[in-house]
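Trainee: the following block contains a protein sequence and its predicted model.
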Amino acid sequence: MRRREFIAGLGSAPLWPLVARAQQPTMPVVGYLNAASPHYLRPLSAFLRGLDEAGYVDGKNVTIQYRWAESHNDRLPAMAADLVHRQVSVIAATSTPAALAARAATSTIPVVFETGADPIRLGLVASLSRPGGNMTGSTSLAVEVIAAKGLELLHELIPAARVIGLLVNPTDPAIAEPQEREVLSAARMQGLEVHVLNAGAERDFEGVFAKLVDLRAAGLVISADNLFSSYSEQLAALTVRHSVPAIYARREFAAAGGLLSYGSDIAESYRLAGIYTGRVLKGEKPAELPVQQSAKYELFLNLKTAKMLGITIPLPLSGRADEIFE
């Protein structure tokens, strides 16, 4: 075939495969920013379920870029800045430290947050009904009350106790400080002596339990925090090994041997955040989406641990439990 005929043949060849590839729409990108570790899967599964309810599935019609701080909150600002640099469609900031980092990183890219704290107090939104900026999301408004309620429940089970430990994460003051304030206030009303213990990383846990022994503390309240959620099973194992009656906010703690778990339904809060992420992808503005509130609280009891500790769980309390581990 002569060169002129070959070129002419190319000119008449069908170009639809190339055109189809060129016209394929680019999938929107969600930047998933979280302070915890990827192995803490229950909240992530709930978020993806909510996103699916809104019509989006990762890898099908949306791409999710995950950023996990592995309980190192100081990594979050750089991670948030990276997502902004990549110009993601939405940032899903699914923890309080992540939401604060996203707020500092951008005022233009839409942000959907999940937090147990008051988003107005944190400065994330102007009001719950009218967020007014580039941020909205879901909250349980539970941080300020869960730890204090935990103290009340623990004291109900060990009424003779007078000295209790409170474990907080000092690297997350937006969460730690209001919980510490509420627990100390509740302790004064109940005539209890509460000692605040700090753990900013997993390596600090052993020292916390050694300190509990030195204080002769009769129990431990673990404040709600992403670090403790990531290591709730390790913390439960330590309470069993040291025979310490303890309470934490997540189901995994009681399931792994911790005496009590009491907290907001975090799966529901993450599901709501997933739904909102999908709605923002469809074009709705965060400023016009009222902050959603998850008002359900869950109680989990471990009867095996209670028996080991010589604790009798009152029938009214066991009757209120969402789940009992035996």
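Mentor: Thanks, I have it.

Trainee: all helices for the stretch 201-326 of the chain, in order.
Mentor: Remark: helices assigned in the stretch 201-326 of the chain by DSSP state H, counting those that start in this stretch are 205-215, 226-230, 232-241, 251-255, 266-281, 303-308, 315-320.

Trainee: how far is the fifth one from where the chain is centred?
Mentor: For helix 266-281, the distance from its own C-alpha centre to the chain's C-alpha centre is 13 Å (C-alpha atoms, centre = their mean, to the nearest Å).

Trainee: pLDDT on it, on average?
Mentor: The average pLDDT for helix 266-281 rounds to 96.

Trainee: just checking, residue 322 touches residue 298?
Mentor: Yes: the pair residue 322 / residue 298 is scored as a contact, 4.7 Å apart, by C-beta atoms under 8 Å. Backbone N, C-alpha and C define where each C-beta goes, glycine included.

Trainee: who has more neighbours out of these two?
Mentor: Using other C-beta atoms under 10 Å as the criterion, residue 322 and residue 298 rank with residue 298 on top: 19 against 14.

Trainee: can you tell me how far that one is from residue 105?
Mentor: To residue 105, residue 298 is 33 Å away according to C-beta to C-beta, to the nearest Å.

Trainee: same question for residue 115.
Mentor: In terms of C-beta to C-beta, residue 115 sits 16 Å off from residue 105.

Trainee: would you mind listing where the stretch 151-300 of the chain has pLDDT under the threshold?
Mentor: For the stretch 151-300 of the chain, no stretch has pLDDT under 70.

Trainee: wait, residue 245 touches residue 158, no?
Mentor: Yes: between residue 245 and residue 158 there is a contact at 5.6 Å, judged by C-beta under 8 Å.

Trainee: any common contacting residues for these two?
Mentor: Among the neighbours of residue 245, those also in contact with residue 158 (C-beta atoms under 8 Å, 6 or more residues apart in numbering) are 218, 219, 311.

Trainee: show the buried residues in these.
Mentor: Among these, those classed as buried by 16 or more other C-beta atoms under 10 Å are 218, 219.

Trainee: the strands in the stretch 51-200 of the chain, which residues?
Mentor: 63-68, 90-93, 111-115, 135-139, 163-168, 193-198 (DSSP state E, counting those that start in this stretch).

Trainee: show the contacting residues for residue 314.
Mentor: Residues near residue 314 by C-beta under 8 Å, 6+ apart: 156, 157.

Trainee: distance of it from residue 61?
Mentor: Separation of residue 314 from residue 61 (C-beta to C-beta) stands at 51 Å.

Trainee: can you check residue 48 too?
Mentor: Where residue 61 is concerned, residue 48 sits at a distance of 13 Å (C-beta to C-beta).

Trainee: show me which of those two is the more surrounded one.
Mentor: Here residue 48 and residue 61 are compared on neighbour count by other C-beta under 10 Å; more neighbours surround residue 48, at 20 against 12.

Trainee: any idea what residue 292 is bridged to?
Mentor: residue 138 (DSSP bridges).

Trainee: and the nearest residue to residue 224 once chain neighbours are set aside, how far is that from residue 211?
Mentor: Spatial nearest neighbour of residue 224, chain neighbours left out: residue 249 (4.1 Å); criterion: C-beta to C-beta, 6 or more residues apart in numbering. For residue 249, the distance to residue 211 equals 21 Å [C-beta to C-beta].

Trainee: these two - which one has more neighbours?
Mentor: residue 249 (31 against 15).

Trainee: the residue nearest to residue 149 when sequence neighbours are not counted: how many residues sit nearby?
Mentor: Sequence neighbours aside, residue 262 is the residue nearest to residue 149 in space, at 6.2 Å (criterion: C-beta to C-beta, 6+ apart). Counted with other C-beta under 10 Å, residues neighbouring residue 262 total 28.

Trainee: right, and residue 262 touches residue 150 too?
Mentor: Yes: Residue 262 is in contact with residue 150 according to C-beta under 8 Å; the separation is 5.7 Å.

Trainee: who's in contact with the closest residue to residue 178 other than its chain neighbours?
Mentor: Excluding the flanking residues, the one nearest residue 178 by C-beta to C-beta, 6+ apart is residue 144, at 4.9 Å. If a contact means C-beta under 8 Å, 6+ apart, then residue 144 has 117, 118, 178, 179, 182 as its contacts.

Trainee: could you measure from the first one over to residue 93?
Mentor: When you say that, I think you mean residue 117. Separation of residue 117 from residue 93 (C-beta to C-beta) stands at 13 Å.

Trainee: repeat that for the second one.
Mentor: According to C-beta to C-beta, residue 118 stands 16 Å off from residue 93.
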